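[1] Predicted model and sequence follow; I will ask about them next.
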Amino acid sequence: MKKPRLEAIEFIRGISMLGVIGIHIGSAYLGQHLTPEAPGNAHLVALLEIFTRFSVPIFFFISAFGLFYNLDMAKPFVYKDFLKRRYKAVVVPYVVWSLFYILHYCVLWQDFGPLRLITILYDLFFGLANYQLYFMVLLIWFYLLMPIWVWAVRRLNISRLALLLVFQIAINYYLCFMWNAWAVENPYLKPFAMYHLNYWVIHYVFIFLLGGYLAVNMDKFMTFMENYRGGIVAFFWLSLAGHLGYYYYLLHSKGYTPLEGVNTAHQLCPTGIIYTLGACLFFFTIFTIWRLPDRLKPVLSLLGKHSYFMYLAHPVAITYISLYYEHIGLRIHAFTAVVMYFQVVIFTLLAAVLMRRLGEIIPVINKATIGIYPKKTA
């Protein structure tokens, strides 16, 4: 029997995509505020870069949730069929968008050196064609290791999840703050160490398995959300306060600049991991248990439907809006950063809607850009 559709997954995709755009707008803003005399507005950076830090890991959560929600755990896992579906949905769009960005920047900056085959293969393996594509590489590795995750989810319980959370905090702290990847001297091994954030699934294994575990135990999860909705909301706000508090502590007690604070108080630091957990439970609860305003649901559905294209395409909008600002001599200040954020969201949403409709006429467009194939008719 087919399980009922969960709107929460689609809604969270849209919210996460908005958060990712915020992070990259924050990076563009910080790129023009790097001096000690003008480090940028710390509160705006907190909104764009700290509040939104759940965005990338929550994508892994809902990806795993969707996979395991539609997986019959009582039947043998057919790895070949799974990879075939994921290849169409993720690998093809990843390669297409990577090649697009490589060619796009070669033409834009009139530098055709990256078009060498070895450079293209290097960029594809590590997800270096553009700054948001590393997520796709991590997702592909999660898919390649899917038999391990199926085996693990079948054996998970709350106690083991708690131990896994402790392990996740410890291993991320070591890899992010104690291990120096740049110290690897072997020229062949150094890239694998330098870009470990781009393909080491160990950084996000807890949140991925949490999504799988909750999907398999959906009935218990629903009961938990209904009985403890108040505690879930409180936990979310407390975890957000803790993550923001760590950021402001770095600024005011350690003397960090906003850029240094962002590079330390990220989603893989201890407060970031706890905040991600709080965000996963919070958003799933409000989108599943609570009654949302009638006018809000179509907006969330629209953003969720087109979040994949927007995620993949939004750097194009950021690039050209930034170039336009530079052309007219406009620096990205706090107000212009906010304006730029809404410009990027609107432009990429319109582009996503247009391309989806065009792809319905020319199916190869949707196949190549977002892995959507026409439904087979009987």
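    Noted; the coordinates are in hand.
[2] so how many other residues sit close to Phe309?
    For Phe309, the neighbour count with other C-beta atoms under 10 Å is 25. Backbone N, C-alpha and C define where each C-beta goes, glycine included.
[3] Check the burial of the closest residue to it other than its chain neighbours by counting its neighbours.
    By the measure of C-beta to C-beta, 6 or more residues apart in numbering, the closest residue to Phe309 outside its immediate chain neighbours is Ala352, 3.9 Å from it. Using other C-beta under 10 Å, the number of residues around Ala352 comes to 24.
[4] How confident was the prediction at Ala352?
    Per-residue pLDDT puts Ala352 at 97.
[5] need the contact list for it.
    Listed by C-beta atoms under 8 Å, 6 or more residues apart in numbering, the contact set of Ala352 reads His306, Phe309, Met310, Ala313.
[6] What is whatever helix or strand the second one lives in packed up against?
    In this structure, Phe309 sits in helix 307-327 according to DSSP states H and E. Helix 307-327 sits against helix 7-30, helix 92-109, helix 334-361, helix 363-370, with contacts defined as 3 or more C-beta pairs under 8 Å, 6 or more residues apart in numbering; DSSP states H and E.
[7] can you tell which of those is closest to Leu156?
    Closest approach to Leu156 among the helices and strands packed on helix 307-327 is made by helix 7-30 (19.9 Å; C-beta to C-beta).
[8] Please identify the buried residues of that closest one?
    For helix 7-30, burial by neighbour count (16 or more other C-beta atoms under 10 Å) applies to 8-30.
[9] Specify the local secondary structure of the residue nearest to Phe167 when sequence neighbours are not counted.
    Nearest-residue entry for Phe167: Phe206, 7.5 Å, with adjacent residues in sequence omitted and distances by C-beta to C-beta, 6+ apart. With DSSP: H, G, I helix; E, B strand; the rest coil as the basis, Phe206 sits in helix.
[10] Over to the one 4 residues further on?
    Applying three-state DSSP to Leu210 yields a three-state assignment of helix.
[11] what's the distance between the residue nearest to Ser322 when sequence neighbours are not counted and Tyr325?
    Distances taken as C-beta to C-beta, 6+ apart place Ala28 nearest to Ser322, at 5.9 Å, with adjacent residues excluded. Using C-beta to C-beta, to the nearest Å, Ala28 is found at 9 Å from Tyr325.
[12] Now list whatever residues contact both of those two.
    Both Ala28 and Tyr325 are in contact with Ile332, Met340, where contact means C-beta under 8 Å, 6+ apart.
[13] Could you pull up the mean pLDDT of whichever strand or helix holds Leu197?
    Assigned by DSSP H and E, Leu197 belongs to helix 196-199. Computed over helix 196-199, the mean pLDDT rounds to 89.
[14] can you check stretch 310-328 too?
    pLDDT averaged over stretch 310-328 gives 96.
[15] can you offset everything so residue one is 39?
    In the new numbering, first residue 39, that becomes stretch 348-366.
[16] buried sites along that stretch?
    348-357, 359-360, 363.
[17] for stretch 300-309, same thing?
    Val300, Thr302, Ala303, His304, Gln305, Leu306, Cys307, Pro308, Thr309.
[18] what's stretch 239-252 in contact with?
    For stretch 239-252, the external contacting residues (C-beta under 8 Å, 6+ apart) are 95-96, 98-103, 105-106, 176, 179-180, 183, 187, 190-191, 194, 199, 202-203, 205-206, 209-210, 213, 234-235, 259, 306, 311, 314-315, 318, 322.
[19] Please compute how far it lies from its chain's middle.
    Relative to its parent chain, stretch 239-252 has a centroid offset of 14 Å by C-alpha atoms, centre = their mean, to the nearest Å.
[20] how about the CA coordinates for it, as CSV?
    This file holds the C-alpha atoms of stretch 239-252, laid out as CSV (Å, rounded to 0.1, in the frame of the first residue of the first chain):
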residue,chain,number,x,y,z
VAL,A,239,29.7,11.5,4.7
ILE,A,240,30.9,11.0,8.3
HIS,A,241,30.2,14.8,8.8
TYR,A,242,26.5,14.3,8.4
VAL,A,243,25.9,10.6,9.2
PHE,A,244,23.9,11.3,12.3
ILE,A,245,21.3,13.6,10.7
PHE,A,246,21.0,11.3,7.7
LEU,A,247,20.3,8.2,9.8
LEU,A,248,18.0,10.2,12.1
GLY,A,249,15.9,11.0,9.0
GLY,A,250,15.8,7.3,8.0
TYR,A,251,15.0,6.1,11.6
LEU,A,252,12.1,8.6,12.0
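[21] where does the residue nearest to Phe347 sit relative to Ile359, distance-wise?
    From Ala390 across to Ile359, the span is 17 Å (C-beta to C-beta).
[22] before we move on, what about Val188?
    Taken as C-beta to C-beta, the span from Val188 to Ile359 is 43 Å.
[23] Might you report the residue contacts of the residue nearest the centre of the chain?
    In the chain, the C-alpha nearest the mean C-alpha coordinate belongs to Val94, at 2.5 Å (C-alpha atoms, centre = their mean). The contact partners of Val94, by C-beta under 8 Å, 6+ apart, come to Ser54, Val58, Phe173, Gln305.
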